[in-house]
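*Asks:* Below: sequence and its predicted model.
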Amino acid sequence: MDSKIINKIITTEKEFHKWFISNYRLLGYDGIVRKDIGTFPDFIMNKDGKERLVKLETLSSNFLSHKHDQSKVDELICINDNLPSNTLNIPIISINSLKFKPRVERISATIDPETNEIIENMLKKGIYRNKSHVLEEAIKSFAKEVKNEK
């Protein structure tokens, strides 16, 4: 692949889409028939004289977590293929020379009903965007308290 993509850091899926529009020829595509307009799949591409339905994901596992339909895609292009082999029945093209470094990290949290009720009440007051925002602010507040105790 072209040296201009080596060590490029991608932080969002939107940034990955912009990169793809500028660099699709490096991946063997001849042209864009339809580009990302917020519909599934992300692109219809020309490749070897045929139209190919293409989905972009920063991580291949996002294809499953977003519950996309494999029957409506010809190829999945990702930065990191983090799925076990043969998980999907479509070709996965992994662009290993790109680096995906998300601005935020997704985690899962288990909370008891009492804590959930507290968070729901906080959300109703309109101070926080979502449960993740509540947890972020709580952790930051807790970290300040711990730092002040030292």
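*Replies:* Received, thanks.
*Asks:* contacting residues for the residue most central in space within the chain?
*Replies:* Centroid-nearest residue in the chain, with Cα atoms, centre = their mean: residue 58, separated by 4.5 Å. With contacts defined as Cβ atoms under 8 Å, 6 or more residues apart in numbering, residue 58 is in contact with 10, 12, 13, 16, 78, 79, 80, 100, 102. No exception for glycine: its C-beta is placed from N, CA and C like everyone else's.
*Asks:* can you map out the strands along this structure?
*Replies:* 8-10, 31-34, 43-47, 50-59, 75-80, 92-94, 98-100 (DSSP state E).
*Asks:* Domains in the protein, by residue range?
*Replies:* Domain segmentation of the chain under automatic domain parsing yields 3-100, 113-149.
*Asks:* Quick check: mean pLDDT of the shortest one?
*Replies:* In this case it means domain 113-149. Average pLDDT, domain 113-149: 86.
*Asks:* The closest residue to residue 54 other than its chain neighbours and residue 71: what is the separation?
*Replies:* Excluding the flanking residues, the one nearest residue 54 by Cβ to Cβ, 6 or more residues apart in numbering is residue 43, at 4.3 Å. Residue 43 sits at a distance of 17 Å from residue 71 (criterion: Cβ to Cβ, to the nearest Å).
*Asks:* Neighbour count for the two, which is higher?
*Replies:* residue 43 (22 against 8; other Cβ atoms under 10 Å).
*Asks:* Let me know whether the more buried one touches residue 31 as I believe.
*Replies:* No: applying Cβ atoms under 8 Å, one finds residue 43 not in contact with residue 31, separated by 10.5 Å.
*Asks:* residues shared between the contacts of those two?
*Replies:* Listed as contacting both residue 43 and residue 31 by Cβ under 8 Å, 6+ apart is no residue at all.
*Asks:* With just CA atoms, put the longest helix anywhere in the chain into CSV.
*Replies:* In the chain, taking DSSP state H as the definition, the longest helix is helix 131-149. What follows is helix 131-149, C-alpha atoms only, in CSV (Å, rounded to 0.1, in the frame of the first residue of the first chain):
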residue,chain,number,x,y,z
LYS,A,131,-25.4,7.0,31.9
SER,A,132,-21.9,7.0,30.6
HIS,A,133,-21.6,10.7,31.2
VAL,A,134,-22.8,10.2,34.8
LEU,A,135,-20.2,7.5,35.4
GLU,A,136,-17.4,9.6,33.8
GLU,A,137,-18.2,12.6,36.0
ALA,A,138,-18.5,10.4,39.1
ILE,A,139,-15.1,8.8,38.5
LYS,A,140,-13.5,12.2,37.9
SER,A,141,-15.0,13.6,41.1
PHE,A,142,-13.8,10.5,43.0
ALA,A,143,-10.3,10.9,41.6
LYS,A,144,-10.2,14.5,42.7
GLU,A,145,-11.2,13.4,46.2
VAL,A,146,-8.5,10.7,46.3
LYS,A,147,-5.9,13.2,45.1
ASN,A,148,-6.9,15.8,47.7
GLU,A,149,-6.6,13.1,50.5
